[in-house]
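>>> Here is a sequence with its predicted model. Questions after.
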Amino acid sequence: MAQDSEAPPAKRLKAAPPGTPPQSAAPPAHVQRRSLPISGARGPLLARLRRLDTAVLIGETGSGKTTQLPQYLYEVGIGHPGTIAVTQPRRVAAVTLAARVAEEKRTELGRLVGYTVRFDDCSCAETRIRFLTDGMLLREAIGDPLLHKYSVVILDEAHERTIHTDVLFGVVKAAQKKRKERGLRPLKVIVMSATMDVDLFSQYFNGAPVIYLEGRQHPIDIFYTKEQQSDYLQAALVSIFQIHQEAPACQDILVFLTGQEEIEAMTKTCRDVAQHLPEGCPRMTVLPLYASLPHSQQLRAFKPTPEGCRKVILSTNIAETSITIAGIKFVVDTGMVKAKKYSPETGLEVLAVQQVSKAQAWQRTGRAGRQESGICYRLYTEEDFEKFEEMTTPEIQRCNLASVVLQLLALKIPNVLTFDFMSKPSPDAIQAAIDQLDLLGAVTHKEGQLVLTPLGKKMAVFPLDPKFSKAILLSPKFHCAEEILTIVSLLSVDSVLHNPPAQRDEVQAARRKFISSEGDHLTLLNVYRAYKNVNGHKLSMPLESCRGDTGSVRRCLAHGLFMNAAELRPDGSYGTVDSQQAVAIHPSSVLFQAKPACVVYTGLLRTSRCYMRDLCVVDAEWLHEAAPEYFRRKLRMANN
DNA sequence: GAGCACTGC
């Protein structure tokens, strides 16, 4: 039964997202539906929700809240007439959930029940239950800040705190208030989350009641190390083979590590060790899993292994939420993750290995108990665990906010510095974003208020870093719209160039013929042009091309990226024009061994050093031409 | 001189 405001059971596991698609054969949808824990609570739950404007619904894995609640609301006419929106952080989840619910309602997907994700809208005027990505609803809000189309908005997976969900919190809260003030149809808001952050959500929504739903998570035994481990990789290796020698071969192991290189190296080590095991030990299949691994290789992690062979999956945090693997009995948690931070003062993104939060550790642990009871080995002491941060810092406090601020201004938010964020980004971060938009000519002050310029309004239409939107919008002036669109498109996908560490030399050799001495952007353009020739495709849009005049392309890029410029110093190192920060050319760049006098880059990333990524050779003069006042100011500062 | 967690519009 649903109960109000009762503390969640101690040490209960944080729920894994219910949005993940079922991996094994399930009974017909309508048969399974009645047996979900939420169905027992249907009556009282709906009675409460009918009376509430806003509610926070806490449900554990397997409670069925995501698939059932929208149907319940629809069936009893809550929100009628109008559409029920259910947001998800990930596309796959939005699509598979819509398919599941359509099946349960025995209707054709895209009619009563539909979904809307980027590039794929499977919904129509009839649609009453619509699953969307949170980013998609945010886009819709730009055209309709009061969300008139919707009578209920369910923000699911709220605990993940994606940048889009965080902005949506503010948007739906404001829409709800305005609709009430104007006597419009009320907007019901339901925030759904795993067992955490409950107070924060409730407080933010003016003390909205919290409703708990029981879940169906299997019990998981947790073991900590007795002593601190100086080398988590070594500790992981020992744990894997200890489990391997003791547990039945049908029980698979999921190990959480931090990144591609580490995972590839560990894969090799495990395979080597597995070759030399004593008689009678089961066989072992070791499989890496990370986002940039080609899809076909990712799929291997899902395949069941033959009898008498254990599967060991070495994964990044992709297996925490995005990917669910059936049959995991053991989780080995190193307690480490590679995560991004952003410092507004330097505009620096730092990618560093750090400790996970408690919430993240629970999420990892939960991956062991999805089908039956499980075991989790935490490669840190319980004492250390208690010192972990409670929550992972929300993404909105770890990012460059230029495009968020641009979107808020497009939503006609009167003052972005005082926008009602659930977790406020630092004023410095917001100011840095405003400054960037100002330099790009996207904003201006009007009667003491920050507003978008006509250029800024156009920039807000693009789902891109404003620097790239600017370059696209200026490209007709430089007669190179075709080239700039191609380059920006290629920068927006990560599937173009796969770079497995084991084949780095081969990769380098294959790329050699596309390399442009003018930098990475033009190299990408060469790759695309070669691809286009092979496939014989032509763009159907009448876009002007500057042909061989790559100078125009670079000049246009400089107009978007002038804030990201660096110059060669007399000692052979590079310094950013903006803050004289010492930077280096990233080894992945075609310019790695070159020494151009002046470059622009897509972004900075600090790992072992501070690297510029995706470089383009430019003339210093073009930078001045792109933002004369900005560079005059820089010069003055340099002279002082 | 030597390397890129994960989403999403």
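Now that the structure is in, tell me what you want to look at. Numbering: from 1, shown residues only, chains lettered A, B, ... in the order given.
>>> ok, A:Gln251 - contacts?
The contact partners of A:Gln251, by Cβ atoms under 8 Å, 6 or more residues apart in numbering, come to A:Arg310, A:Gly327, A:Lys329, A:Phe330. The C-beta positions use only the backbone N, C-alpha and C, and glycine is treated the same way.
>>> what's the closest of those to A:Val577?
Nearest to A:Val577 among these, counting by Cβ to Cβ, is A:Phe330 at 51.6 Å.
>>> So what pairs up with the closest one in the strands?
Here A:Phe330 sits in beta bridges with A:Ile253, A:Ile375, going by DSSP bridges.
>>> Over to A:Leu604?
A:Met612.
>>> on that earlier part again, pick out the lowest-pLDDT one from the contacts of A:Gln251.
Lowest pLDDT within those is found at A:Gly327 (86).
>>> I'd like to know how many residues surround it.
For A:Gly327, the count of nearby residues is 17 (other Cβ atoms under 10 Å).
>>> and if you look at A:Pro476?
13.
>>> what separates it from A:Leu440, distance-wise?
17 Å (Cβ to Cβ, to the nearest Å).
>>> related to what we said a few turns ago, within reach of DNA strand B, which of the contacts of A:Gln251 are there?
Near DNA strand B, judged by Cβ under 7 Å from any atom of the strand, there are no entries from the contacts of A:Gln251.
>>> By neighbours, which of these wins?
In the contacts of A:Gln251, the most neighbours by other Cβ under 10 Å go to A:Arg310, 24 neighbours.
>>> Name the residues of the stretch 151-300 of chain A found near DNA strand B, please.
So the stretch 151-300 of chain A meets DNA strand B at A:Thr162, A:His164, A:Thr258, A:Gly259, A:Gln260, A:Glu261, A:Tyr290, A:Ala291, A:Ser292 (Cβ under 7 Å from any atom of the strand).
>>> Confirm the third one sits in a helix?
Going back to what we said before, that points to A:Thr258. No: counting by DSSP: H, G, I helix; E, B strand; the rest coil, one finds A:Thr258 to be coil, located in no helix.
>>> which residues does it contact?
Per Cβ under 8 Å, 6+ apart, neighbours of A:Thr258: A:Thr316, A:Thr334, A:Met336, A:Val337, A:Lys338, A:Val353.
>>> which residue lies farthest from the center of chain A?
Computed with Cα atoms, centre = their mean, the maximum C-alpha offset from the centroid of chain A is found at A:Glu279, amounting to 44.9 Å.
>>> Check the secondary structure at that residue for me.
coil.
>>> go on, A:Val337?
strand.
>>> Tell me the confidence at the spatially closest residue to it that is not a sequence neighbour?
Once flanking residues are discounted, A:Val337 sits nearest to A:Val356: 4.9 Å by Cβ to Cβ, 6 or more residues apart in numbering. Predicted confidence (pLDDT) for A:Val356: 93.
>>> hmm, back to that, out of the residues of the stretch 151-300 of chain A next to DNA strand B, give me the two with the largest separation.
A:His164 and A:Glu261 (29.8 Å).
>>> Looking at those two, which one has more neighbours?
When A:His164 and A:Glu261 are compared for neighbours, A:His164 comes out ahead with 22 against 11, by other Cβ under 10 Å.
>>> Excluding sequence neighbours, find me the nearest residue to that one.
Per Cβ to Cβ, 6+ apart, closest to A:His164 is A:Asp134, 3.9 Å.
>>> A:Ile325 versus the one you found, what's the distance?
25 Å.
>>> Of all the residues in stretch A:416-435, which ones are buried?
Applying a neighbour-count criterion of 16 or more other Cβ atoms under 10 Å, one finds A:Val416, A:Phe419, A:Phe421, A:Met422, A:Ser423, A:Pro425, A:Ala429, A:Ile430, A:Ala432, A:Ala433, A:Ile434 buried in stretch A:416-435.
>>> Then stretch A:228-246?
A:Gln229, A:Tyr232, A:Leu233, A:Ala235, A:Ala236, A:Leu237, A:Ser239, A:Ile240, A:Phe241, A:Ile243, A:His244.
>>> where does the first one fall, phi/psi-wise?
This means A:Gln229. phi -100, psi 130 (degrees, to the nearest 10).
>>> pretty sure it is touching A:Val238, no?
No: between A:Gln229 and A:Val238 there is no contact under Cβ atoms under 8 Å: 9.3 Å.
>>> tell me, what's touching the two both at once?
Common neighbours of A:Gln229 and A:Val238 (Cβ under 8 Å, 6+ apart) do not exist.
>>> any idea how far the one residue in the stretch 401-550 of chain A that gets nearest to DNA strand B is from A:Leu437?
Residue nearest to DNA strand B within the stretch 401-550 of chain A (Cβ to the nearest atom of the strand): A:Pro463, separated by 2.5 Å. Applying Cβ to Cβ, the value for A:Pro463 to A:Leu437 is 16 Å.
>>> What ranges in chain A fall below the confidence cut-off?
A:1-34, A:61-62, A:347, A:494-502, A:534-538, A:540-542, A:638-640 (pLDDT under 70).
>>> Longest helix in it, by number of residues?
Using DSSP state H to define each element, chain A has its longest helix at helix A:163-181.
>>> and that one, how far from the chain's centre?
Centre-to-centre, helix A:163-181 and its host chain are 21 Å apart (Cα atoms, centre = their mean, to the nearest Å).
>>> Check stretch A:587-595 too.
On Cα atoms, centre = their mean, the centre of stretch A:587-595 falls 29 Å from that of its chain.
>>> For that stretch, list the C-alpha coordinates in CSV.
Taking C-alpha atoms only, stretch A:587-595 is exported to CSV below (Å, rounded to 0.1, in the frame of the first residue of the first chain):
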residue,chain,number,x,y,z
PRO,A,587,47.3,13.9,-28.7
SER,A,588,44.2,13.1,-30.7
SER,A,589,44.6,16.2,-32.8
VAL,A,590,46.1,16.1,-36.2
LEU,A,591,48.1,19.2,-35.1
PHE,A,592,49.7,17.3,-32.2
GLN,A,593,53.1,17.5,-33.8
ALA,A,594,52.6,20.8,-35.4
LYS,A,595,53.2,24.3,-34.0
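>>> So A:Gln88 versus DNA strand B, what's the distance?
Applying Cβ to the nearest atom of the strand, to the nearest Å, the value for A:Gln88 to DNA strand B is 8 Å.
>>> For that residue, which non-adjacent residue is spatially closest?
Closest to A:Gln88 by Cβ to Cβ, 6+ apart is A:Ala94, at 4.4 Å.
>>> The one you found falls within a helix, correct?
Yes: assigned with three-state DSSP, A:Ala94 falls within a helix.
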